[in-house]
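Asks: can you look at this prediction? I've put the sequence above it.
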Amino acid sequence: MRPTILLDTGPLVAYLDPGDKFHDWAMTEFGRINSPVLTCEAVLSEAQFKANKHHLKRCAVLELVVRGMVQIQFQLVEEVNEVQQILEKYGKDHEVDLADACLVRMSEQHPDSVVFTIDSQFSRVYRRHGNQPIPVIIPDEHR
């Protein structure tokens, strides 16, 4: 059975931006993944913000959702207490944002999941259920 892939902002932006240093890596990894990948609205919001800063196509992020390549399967309103606990736990010593906290929570909801990221905190710092490593798809230089 293939793992559930949880998509973070970095690979999404790299996939869309040919000028991104991780573009080729993201293209290769997306090619290996059978769509769809799952994410949260916080990741899409971050990705759209970064896409706008890099002058990418205005609706490029949402087009991936429309095409079914990316699916939103997280309701923050239902998980707000757990996400808040994650933010409080990691926010003391690390830069954790809402998107990261949501993905940590999603990894708890999907025990077979792998986080597709460029953020080394997923492999070095964050843990599901407080103590379990989160499997990642990440560039070798960020392991």
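Replies: Structure received.

Asks: now the strands for the chain?
Replies: 5-7, 37-39, 70-72, 114-116, 127-128, 132-133, 136-137 (DSSP state E).

Asks: poorly predicted segments of this protein, please.
Replies: 1, 143 (pLDDT under 70).

Asks: got a list of what the closest residue to Q48 other than its chain neighbours touches?
Replies: Spatial nearest neighbour of Q48, chain neighbours left out: V61 (4.7 Å); criterion: C-beta to C-beta, 6 or more residues apart in numbering. All C-beta spots, glycine's among them, are computed from the backbone N, C-alpha and C. Counting by C-beta atoms under 8 Å, 6 or more residues apart in numbering, V61 makes contact with L12, L16, L44, A47, Q48, A51.

Asks: before we move on, what about H110?
Replies: T4, L6, L38.

Asks: equivalent analysis for V37, please.
Replies: Contacts of V37 (C-beta under 8 Å, 6+ apart): I5, L6, L7, M69, V70, Q71, F116.

Asks: and what of N52?
Replies: N52 touches R58, counting by C-beta under 8 Å, 6+ apart.

Asks: can you point out the buried residues in the lengthiest helix in the chain?
Replies: Of all the segments of type helix in the chain, defined by DSSP state H, the longest one is helix 76-91. Using 16 or more other C-beta atoms under 10 Å as the test for burial, helix 76-91 gives E79, E82, V83, I86, L87, K89, Y90.

Asks: pretty sure the last one is touching V96, no?
Replies: Right, Y90. Yes: applying C-beta atoms under 8 Å as the test, Y90 and V96 come out as touching, 4.1 Å apart.
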